[in-house]
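In: test case, fold it:
(3 chains)
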Amino acid sequence: MPRITTPARPAALLAGAIAMAAPGAAQDFDTQPSIREMESRLEDQHVLFGVEIESDVTDDLLELGRLVAMGGAEAGGSGMACVSCHGAEGRGDGSGAFPRIAGQPGWYLYKQLTDYASGARPNRVMSGIAQRLTETEMEAVSAYYAAIDAPFRPVLGTVDAQTLQWGGQLGAAGSAELGIPACVNCHGPQGTGNPPSVPYLAGQYANYMTHQLQLWKDGTRDNDAMNVMSAIASKMTEEDMRAVSEYYARVRPPEREDLSGTARTTAAEGAAGGD
Amino acid sequence: MADRTLPRTDVVIVGGGWTGLTAAYELANAGQRCVVLERGGPRHDATHFAGPEEHDELKYALRYGHMMDVKRETLTFRHDRRQQALPMRRLGSFLPGSGLGGAGIHWNGQLWRPLPSDLRMRSHYTERYGADFIPDDIAIQDWGVTYDELQPHLDFFERICGTAGRAGNLDGEAHPGGNPFEGPRTSDYPNPPMQQPISNTLFGEAAERLGLNPFPMPSANVTRAYENPYGAQLHPCTYCGFCERFGCGYLAKADPIICVYDRIRDHENFEIRFGAQVLKVETSQDGRTATGVTYQGEDGLDYFQPADTVCLCAYALWNVHLMLVSGLGRPYDPQTRTGTVGRNYSYQTIAAVDAFFDDEIVTNPFMGAGALGVVVDDYNGDNFDHSDLGFLGGGYIACKQYHGRPISYQPVPEGTPPWGAQWKRAVRETYGHHGDLVVHGSSVSTPENYLDLDPTWTDAYGRPLLRMTFNFPENDRRMSDYVMNRAVEIAQEMEHVTSVASTNLAAVDSNYSIVPYQTTHNVGGAAIGTDPSTSVVNRYGQMWDHHNVFVFGACLFPQNLGYNPTGPLMGLAYWTLEHLKGDYLDNPRPLMDA
Amino acid sequence: MPHRYSRRSVLTMAGGGLAATVAPVRHAFAQVDDRPWFFLTDDEARWLAAITDVFIPEDAFPSASQAGVVDYIDFQMATDYGRGDGLYLQGPFPEGTPEQGYQLPLTPAELIRAGIAGARGEVDLARMDGAQREAWVTDLSERDDGIGDVPAGTFFSELLSLANEGYFADPIYLGNKGYAGWDMVGFPGAHAYYLDLVDEHNRPYRRQPMGVAHDPSGRSTLPRPVGRGG
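Out: Predicted coordinates for the structure are as follows:
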């Protein structure tokens, strides 16, 4: 199974967490987020990047990331820009064909790119794209999308309450009969992810998630640590997969709020006075 | 008299933990109708141990959420016969379980085999060091079963648990990277070893430089997706650091529920009743056999469950207690040194060494697992020359990273005050820069360490409490001191270590205390052996005095090894079941002559 | 504006000598600040704030009372643990050796109440300055006689344990307010998945701590931190 390797360059490996907007910051969602806005969120570093693995993310990195996203990769002359499928804000195009990647942990995005490039995660479209990215570009575009906080698209289609409830139950408590561990064990509170390794499920497209579960189950995808996901997916029926996907597609992280006054911030202030 | 008598069953099994569920699995599949009586309630890993609710240090590690309720049943404790034994009013030194899976739910997952010499400790020491080597006040005995006889069963249990490790001795050939002292095994571990954090890695490197033989701790925290021989699916451990004292919501720690119960619960020969507290084993008029058990159900009524065969599969202490309150066998009297039930009680001798690192080493202690460690066995058993040391026995030395749970994990350098500004600073400065070494030492039995019934206090059912009379024997204090000093040497050799501190819980000038946690390795009281005057069960686990009563668990150990007991006791359990199924059931009788 | 039952006001009145009152006391249960204590009296709460702040004073990180330790103790005394869960309370109760453990016929709530009453009968902790308090607490830790009706040693151990728990337990128990304790040591909390990271040696892992009831927005449903300005 693929091991997660650390890139030799120390500067740019980052692990992003769920991106959070500063309150009241105006978001013009018709244009791409400005670097300045993203930087201001970066100031709130411990909030934005839930996990620090390496050193700071610089605005150079984000600029490069945006460039790559726009199709400006060195070797990306074919016009395969990330934004054409994943959107300028990483929200996908609403169809579910392309996953939402905004705010996924940067380290996770980076790993998926390297796995696409090496074939560890087979995908006809993404492999070719990833192979044409340099390592720096992979880091940059991962950082860029990790730092974006974008609203969620409305969920298309309806699903009956029973399916939703079963999905929620599997997600929160698993199933003793089927030997399925609860999703939240690894995917975090309300499926909001567990950086750096575990992506969020909340607000992801349902059909994308169902498809991934199927790929885990039949072994086509096995680029996770120790094949946990295929072990879990192999115990799920199609109905289980659909239930859990439809459920998480509809979960939204709660409203953002002013985070001043948390102990962490006050501690940081206090620390300024020396210890 | 019981309020109600139930229809007869082939086998009644007291206790729904590792041994009880395994006995039920094997016997049900052999055509025996089995009824398991579990005093606690049902639960399942996926639903009951799902993080994050499960990852609550206060509830489970400090308030003992998964463990037995002392209000219902506890024991009394004293050091020696001159003292009055007083109730253990709170759990502390050991943490027995309750509920489906018993203590097998909240165990660490350390899975060992005994050394061949461990099973014949008296003979071995006599052969090697002479007839006068063992003092009169040490009551160690041979088990009567050999390592070769147990080997296939030890191997099978390792595969039931998906044990992760590296063999050291494959069919007599040295296998690099494993424990060179282990008894020969016929196959390697079923799963590769765990990934080690920096603390354990530095320990291993130092041990090697000193000419010792480090190896990864054998672990039932599974390291990859795995299917066991019963068809159970286990998942890889996530190193979440909520292992021991907790159930595993990831289905990654082998436990009796996922490994055994899930695979037998729908079998037509299997029935389990929860909330069923067994009060007494009933015997026939002539006393030669058991007729079944009386238990109190959830409704508060007493039921008599008749059975052809009785399996005692409760936790070690409560098996012995049940024998005593039922009048099974002959209770041990330390005054006259006659009788056997309650004799040869022993425990585990623990010492700790702290290695404090400089700031370059960042241990991330919260990335842990119950069996995550690097071990040297060079000072265990008789793996080293005891000629001039003045003690027998030994223990393994491990550097381990179980958890970084902040209420309990607060290593501080020696001399740090116990509270205040300095303490507070030391706690945060040491938290990620500390290596945790343990000496896990053997425990010899003595004529004065034993179990019987208390004259004063009772449990919630009106039965006298078990009374434990125990203190660390001088032998074990000397052993612990010696091996701890070897551990200190390794710690001092480790790179990036700025200081070392040590604590011997069996120090020469101290007494065994029932207050701080040490291990849940209470053993003995129903010793296995070939001589009915010094053992309660014969070498097949069958009671000498009642041939249809089979006893399981660590209560059978005549003394304790320097290893966690689950592996050896389950090897014994499979050995007993092999003979129960293959020999006893067709012709019920004593399998050994008294 | 402090209400009669305001916890904040009670703890603020814990008064002079406490370094904590340089800034307004930011304590754990502000959202139900108007609710009286579950178990403690105001005087007991003040006394506990004073003594636990000697155990865990304010430095770069909050003091015990600032981190909600008093609220934690209050909640524990009022619930299972304080009422004697996990404690075998059948008599008789002869005295034993230290190695035989706790032998009092008291639940933790009774022990704490009796101990505080005894202590308050001896000195007025609120009137002492910081150094005097520390000296008195040190003395208490070494006494082998009774304090009020309870053994000083048992009472002291219980207080120290409760303070430690209150600083580091999951915030659902009303202490470790805003993850003060977890931030201090760098403990990431109840959401734990480290399979990929165990052998990434010497790489600091710093993540927003997340407790059992962690709300991903960062807002805690309980306890709710008071705003920076107090």
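In: the longest strand along chain B: what's the following helix or strand?
Out: Taking DSSP state E as the criterion, chain B has its longest strand at strand B:302-312. As assigned by DSSP states H and E, the chain's next helix or strand after strand B:302-312 is helix B:316-326.
In: and for residue B:148, the neighbour number?
Out: Other residues within reach of residue B:148, judged by other C-beta atoms under 10 Å in any protein chain shown, total 11. (C-beta placed from N, C-alpha, C; glycine too.)
In: secondary structure of it: a strand, I assume?
Out: No - assigned with DSSP: H, G, I helix; E, B strand; the rest coil, residue B:148 falls outside any strand and is helix.
In: contacting residues for it?
Out: Applying C-beta atoms under 8 Å, 6 or more residues apart in numbering or on different chains to residue B:148 gives the contacts residue B:116.
In: okay, it: pLDDT?
Out: You'll see residue B:148 listed with a pLDDT of 97.
In: contact partners for residue B:145?
Out: Per C-beta under 8 Å, 6+ apart, neighbours of residue B:145: B:119, B:528, B:539, B:572, B:575.
In: against chain A, how distant is the closest residue to residue B:365 other than its chain neighbours?
Out: Among residues not flanking residue B:365 along the chain, residue B:404 sits closest, at 3.2 Å (C-beta to C-beta, 6 or more residues apart in numbering or on different chains). Look at residue B:404 and chain A: by C-beta to the nearest C-beta, to the nearest Å, they are 16 Å apart.
In: isn't there a strand covering residue B:404?
Out: No - according to three-state DSSP, residue B:404 belongs to no strand; its state is coil.
In: where does the residue in chain C that chain A sits nearest to land in three-state SS?
Out: Going by C-beta to the nearest C-beta, chain A is nearest to residue C:178 of chain C, at 3.2 Å. Recorded secondary structure, residue C:178: helix (three-state DSSP).
In: go on, the one 4 residues further on?
Out: Of the three states, residue C:182 takes helix under three-state DSSP.
In: show me the contacts for it.
Out: B:406, C:168, C:176, C:188, C:189, C:209, C:211.
In: redo that, cut-off 6 Å
Out: By C-beta atoms under 6 Å, 6 or more residues apart in numbering or on different chains, residue C:182 lies in contact with C:189, C:209.
In: quick check, pLDDT for it.
Out: Listed pLDDT for residue C:182 reads 97.
In: now residue A:134, nearest residue through space, not along the chain?
Out: residue A:74 (6.3 Å).
In: how many other residues sit next to the one you found?
Out: 12.
In: now do the same for it: its pLDDT.
Out: For residue A:74, the model assigns a pLDDT of 74.
In: just for the chain, where's the confidence low?
Out: Picked chain A for this. Residues of chain A meeting the criterion pLDDT under 70: A:1-57, A:75-79, A:254-275.
In: actually chain C
Out: C:1-35, C:216-230.
In: residue boundaries of the strands in it?
Out: Under DSSP E, chain C gives strands at C:146-147, C:150-151.
In: would you list every one of the helices in chain B?
Out: Listed in chain order, the helices of chain B (DSSP state H) span B:18-29, B:45-48, B:121-129, B:147-160, B:198-209, B:256, B:262-264, B:316-326, B:421-430, B:474-493, B:566-579.
In: check those for me: which has the lowest mean pLDDT.
Out: helix B:45-48 (a mean of 88).
In: before we move on, back to that, can you pick the most crowded of the contacts of residue B:145?
Out: Ranking the contacts of residue B:145 using other C-beta under 10 Å puts residue B:572 first, with 31 neighbours.
In: now do the contacts for that residue.
Out: With C-beta under 6 Å, 6+ apart, residue B:572 has no contacts at all.
In: coming back round to it: surely the residue nearest to residue B:365 touches residue B:366?
Out: Yes - using C-beta atoms under 6 Å, residue B:404 is in contact with residue B:366, at 3.6 Å.
In: now do the contacts for the closest residue to residue B:207 other than its chain neighbours.
Out: Closest residue to residue B:207 apart from its sequence neighbours, by C-beta to C-beta, 6+ apart: residue B:214 at 4.2 Å. Residues near residue B:214 by C-beta under 6 Å, 6+ apart: B:204, B:207, B:374, B:376.
In: tell me the residues of chain A that contact chain B?
Out: Contact residues, chain A versus chain B (C-beta under 6 Å from any C-beta of the partner chain): A:173-176, A:179-182, A:185, A:226-228, A:231.
In: that's all I had, so thanks and see you.
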